[in-house]
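Student: Predicted structure and sequence below. I'll ask about it afterward.
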Amino acid sequence: MDSPQVSSWHPNFRNYERLPDIKVVRTAFFVNGAAIFLALSLTIYFGFKEWQLRVINGQIATVQSQIDRDKRTSDQAVALFKKFQAEEAKLNEVDTFVKSKPSYATLLLRLGETIPGNVAIDSVDLRDTGMFLRLSVRGAPDAASGYATKYLDLLRADKQLALFDTFEFTSTPTPNPATGKMAVEFFLHLKGAPGGRR
């Protein structure tokens with residue numbers, strides 16, 4: 001037979017909301033611990049960043065003092081380098097001029113290859129502006145003038161003498177009583193050279 005249900009021998013009057021917390025580790029401890037840990041972490045992080053910034057500022061100050069110390073020497077070196085560049089430009093200009101000037105031996109060889117039989121070279125004068133050729137031409141005055149003109153045209157058409165841009169008589173051919181030949185003078189102007197005959 002079933003026994004009738006009997007209620008507790010005393011009533012439960014506890015109010016759980018008002019009872020003290022009996023946990024071994026309280027929740028408030030974790031909350032406070034997390035807040036303290038976060039605060040310490042942020043303090044350490046910002047402290048480290050501040051220390052890094054101070055180190056970088058110190059390095060910048062050190063390097064700036066080195067720059068200030070070496071500035072005078074650097075400015076002198078820059079001024080010397082500019083002088084060097086100016087001198088180098090002058091040397092390059094001289095070198096270019098010397099290299100652009102034709103070889104005397106090459107010119108003489110070419111003149112010797114092209115000269116007609118009735119024309120003789122008396123002198124060759126190579127200058128900065130060009131070349132003077134003094135010639136003696138055999139033949140009667142009219143024929144000798146024609147030979148000289150043909151030779152000048154031959155020189156003008158010669159591709160190996162392309163470094164000259166103007167080919168001209170310096171004066172009218174004149175008879176030379178001592179040799180019985182016509183004295184003729186040509187001037188060949190170098191390309192890019194200033195002025196004309198000097």
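Tutor: Structure's in. What do you need? In this text the structure is predicted, and so the values were computed from the model without any measurement.
Student: So which other helices or strands are in contact with the helix or strand harbouring Thr149?
Tutor: Counting by DSSP states H and E, the element that carries Thr149 is helix 141-157. With contacts defined as 3 or more C-beta pairs under 8 Å, 6 or more residues apart in numbering; DSSP states H and E, helix 141-157 has these neighbours: helix 104-114, strand 119-126, strand 130-137, strand 164-169, strand 181-190. Where C-beta positions appear, they are placed from N, C-alpha and C, glycine not excepted.
Student: between it and helix 104-114, how big is the angle?
Tutor: With axes from the mean of the first three to the mean of the last three C-alpha atoms, to 10 degrees as the basis, helix 141-157 and helix 104-114 are set at 130 degrees to each other.
Student: Contacts made by helix 141-157 with the rest, please.
Tutor: With contacts defined as C-beta atoms under 8 Å, 6 or more residues apart in numbering, helix 141-157 is touched by 114-116, 118-119, 135, 137-139, 161, 167-169, 173, 175, 181-182, 184, 186, 188.
Student: returning to that earlier point: got TSV for the helices and strands packed on helix 141-157, with mean neighbour count and distance to Arg54 too?
Tutor: Output for the helices and strands packed on helix 141-157, formatted as TSV (neighbours: other C-beta atoms under 10 Å; distance: least, C-beta to C-beta, whole Å):
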stretch	mean neighbour count	distance to Arg54
helix 104-114	13	74
strand 119-126	14	75
strand 130-137	21	75
strand 164-169	16	73
strand 181-190	21	71
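Student: give me the low-pLDDT residue ranges for the chain?
Tutor: Where the chain drops to pLDDT under 70, the residues are 1-13, 21, 23-25, 97-98, 100-102, 194-198.
Student: same thing but at 90, please
Tutor: 1-33, 90-131, 133, 138-149, 151-152, 155-156, 158-182, 188-198 (pLDDT under 90).
Student: Okay, angle between the longest helix that the chain contains and strand 181-190 too, please.
Tutor: Ranked by residue count and defined by DSSP state H, the top helix of the chain is helix 27-100. Per the same axes, to 10 degrees, the angle that helix 27-100 makes with strand 181-190 is 170 degrees.
Student: For Leu108, which residues are in contact?
Tutor: Val124.
Student: Show me how far stretch 152-170 is from its chain's centre.
Tutor: In this view, stretch 152-170 has its centroid 38 Å away from the chain centroid, taken as C-alpha atoms, centre = their mean, to the nearest Å.
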